[in-house]
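[1] Next one to model:
(one chain, ligands or ions: 1)
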Amino acid sequence: MTARDLERYAELFARRTRVMRSSAMRDLMAVTARPEVISLAGGLPDTSTFPPASFAAQMTRIAQESSAEALQYGPTDGFDQTKDCIAEVMAAEGMSVDREDVVVTTGAQQAIDLICKTLVDPGDVVICEAPTYPGAVPVFCSYEAEVIQVEMDENGLDTERLVEVLVRLRAERRRPKFIYTVPSFHNPAGVTLSTERRRRLVELAREHELLVCEDNPYGLLRFDGQPSEPLYALDGGDYVLYLGTFSKILSPGIRVGWVVAPPPVLEKIALGKQAADLCTSTLTQYFVREYFSEGSWQRYVESLVEIYRRRRDVMLEALERHFPRQASWTRPEGGLFLWAALPDYIDTTDLLAKALRENVAFVPGRAAYLDDRGANAMRLNFSGSTREEIREGIRRIGAVIAEQVELYETITGEHTVLRASPASPSGVRGSDQERASTESGDAGEGGDVVPMRRRGEGR
Ligand SMILES: Cc1ncc(COP(=O)(O)O)c(C=O)c1O
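    Here you go, the predicted model:
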């Protein structure tokens, strides 16, 4: 595109396009589609595990028995049969929902967009986690929200920090429009909100009359530990809007998700959806219906859990082996991602360029922040690659990091020291909790530090 091309259209763009930004993951998808690249970047479930014969049988049945209906428009809020499947999925996590409380959406992504469309005027406050789902960042930007990101630790969103934010906002007479959270197997952080904090969050929602948007694509993908109670179940649906999707338990290609909300909010969401796309694909809703009628969806989810658990374990082993000792990462009990924090002087956006030269990709941490945090962190996906690819991918990233560490040490002659933070997503640059100091032997405040390992030293 030339400058002249840009000039020709520049005056036509709406003001909001100035703050629109692209999702880092979407940009990366073009590069990582090259077959030689090992991508630990995407959030891709392994769709190769879905039996092609079963897919063919379901689609054939649709064509033979309901061709005209399946090729037709459908209701804006979705088919009742789709909603029955949704109720089944939600019941598997202990939630009870009625058809009239649900709008079927074109993926949970559309639900995030519709919630913002319904609730957010430019300058309105939205609260979310730090880091947050990278795909939500461009949505918040498009609606010109003022986003406040609250730190997490290994137990998810820090509710006491949230209280501080709420108190401050109240003093400023600003009411946040909603809190966006991914409580289970967080994307990108890989952590899960503790039971105690779930209760606290629901309590805060009532106390402050706050809407909480619970985005839960991964709840059923638990590898270890006890199931967590969804916020929606704890709250009963007064203040919690619930987002679900078939993307991670069946297929993202079908683009079927949903939103559950109190009736007045849901009504506006349905109006927004009507304007956006009239209805979610009839054909893929029919596919969901056919698939669920076979009664084996939970068995398929169990098979995914087995596969992803093994891949997570392989990734954790590979990280131990190939990442420097100063790096820390989360140990997810489910889902698709873990989050790694590197020494403070490493910028993962620059590192990605180097990694791509080695044909490996990850999501740089900045993609999960609306401010300048996250520069030394990365999101790593373990669901979309084979175990061999994961081992090799982590080896390659580890080698690129090692080069950076060596370069830094050569230039500065220093050992870097970092506080050890084995399982917290907050070890990112810009975080006031875990800044690195760069003086050998300087334990910094708190003293819980580890000296940087020199190249060649064992772990
Ligand atoms: C937290 C979260 N929300 C929403 C989505 C979007 O899901 P869908 O494919 O249903 O649009 C994703 C996809 O990765 C996600 O991780």
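[2] Would you check how far apart whatever residue of the stretch 351-459 of the chain ends up closest to the ligand and Phe337 are?
    Distances between the stretch 351-459 of the chain and the ligand by CB to the nearest ligand atom are smallest at Asn381, namely 9.6 Å. From N, CA and C alone the C-beta is placed, and that goes for glycine too. Separation of Asn381 from Phe337 (CB to CB, to the nearest Å): 6 Å.
[3] And for Val240?
    23 Å.
[4] Ok, Glu164 next?
    From Glu164 over to Phe337 the distance is 27 Å, taken as CB to CB.
[5] if you count what's nearby, which of these two comes out ahead?
    Ranked by neighbour count (other CB atoms under 10 Å), Glu164 and Phe337 place Phe337 first, with 23 against 11.
[6] how about the more buried one, what does it touch?
    Contacts for Phe337 (CB atoms under 8 Å, 6 or more residues apart in numbering) come out as 43, 185-190, 379-382.
[7] Assess the claim that Ala402 and Gln326 are in contact.
    No: if you go by CB atoms under 8 Å, Ala402 and Gln326 don't touch, sitting 11.5 Å apart.
[8] neighbour-wise, which of the two wins?
    Between Ala402 and Gln326, counted using other CB under 10 Å, the more crowded position is Gln326 (25 against 16).
[9] gap between the more buried one and Thr348?
    Separation of Gln326 from Thr348 (CB to CB): 14 Å.
[10] Same question for Trp329.
    13 Å.
[11] same deal with Glu172?
    Noted for Glu172: a distance of 34 Å to Thr348, by CB to CB.
[12] Between those two, point out the one with more neighbours.
    Applying other CB under 10 Å to Glu172 and Thr348 shows that Thr348 carries more neighbours, namely 26 against 9.
[13] now that one, nearest residue through space, not along the chain?
    Setting aside the residues directly before and after it, Thr348 is nearest to Pro364 in space (CB to CB, 6 or more residues apart in numbering), at 4.1 Å.
[14] hey, where'd the strands end up in the stretch 251-400 of the chain?
    Remark: strands assigned in the stretch 251-400 of the chain by DSSP state E, counting those that start in this stretch are 257-260, 328-329, 337-341, 360-361, 363-364, 377-381.
[15] any chance of those in TSV, with mean pLDDT too?
    Listed next are the strands of the stretch 251-400 of the chain as TSV, based on pLDDT from 0 to 100:
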stretch	mean pLDDT
strand 257-260	98
strand 328-329	96
strand 337-341	98
strand 360-361	96
strand 363-364	95
strand 377-381	97
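[16] quick one, which of those strands is packed in tightest?
    Among these, the stretch with the highest mean neighbour count (mean count of other CB atoms under 10 Å) is strand 377-381, at a mean of 29.
[17] That one: partners in the sheet, and parallel or antiparallel?
    strand 337-341 (antiparallel), strand 363-364 (antiparallel) (DSSP bridges).
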